[in-house]
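# 3D, please:
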Amino acid sequence: MSNEYSISINIHYWIQDVAINIWQYTGDSIDSTDNLIEEIRDVNLASIERKIDDISTYGGS
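Alright, predicted model coming up:
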C-alpha cells in the first residue's frame with residue numbers, strides 16, 4: 001500500500017483567488033476530554049431524572 005497521494009487542479013484563468021485545503025482522515029480520535037464529557041453527562045442525567053421524579057410526586061399526588 002502506497003502512502004503517496006497526489007492531486008491535480010486546473011483553475012480557470014478568470015478565477016482570481018482560490019484557496020484549497022486538503023485533510024487526511026486518520027480515524028476517530030477519542031481522548032480523556034471525551035471520556036469526561038460522557039461521565040458528566042451520565043451524572044447530570046441521573047440528577048435531572050431524580051429532580052423530575054421529585055417534582056412529579058410533590059404534594060402527595
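# residues near residue 8, how many?
Residue 8: 4 surrounding residues under other Cβ atoms under 10 Å. Heads up, the C-betas are built off the backbone N, CA and C, glycines and all.
# Just the residues contacting the one helix or strand residue 54 maps to, thanks.
Taking DSSP states H and E as the definition, residue 54 sits inside helix 32-56. Helix 32-56 is contacted by no other residue when judged by Cβ atoms under 8 Å, 6 or more residues apart in numbering.
# and it, average pLDDT?
For helix 32-56, mean pLDDT is 83.
# List the buried residues of that helix.
Within helix 32-56, no residue counts as buried by 16 or more other Cβ atoms under 10 Å.
# Measure how far that helix is from the centre of its chain, please.
Relative to the mean C-alpha coordinate of its chain, helix 32-56 is positioned 19 Å out (Cα atoms, centre = their mean, to the nearest Å).
# and if you look at stretch 23-32?
Taking Cα atoms, centre = their mean, one finds the center of stretch 23-32 at 11 Å from the center of the full chain.
# Flag every buried residue along that stretch.
Residues of stretch 23-32 include none that count as buried (16+ other Cβ under 10 Å).
# gap between residue 8 and residue 18?
Relative to residue 18, residue 8 is positioned 14 Å away (Cβ to Cβ, to the nearest Å).
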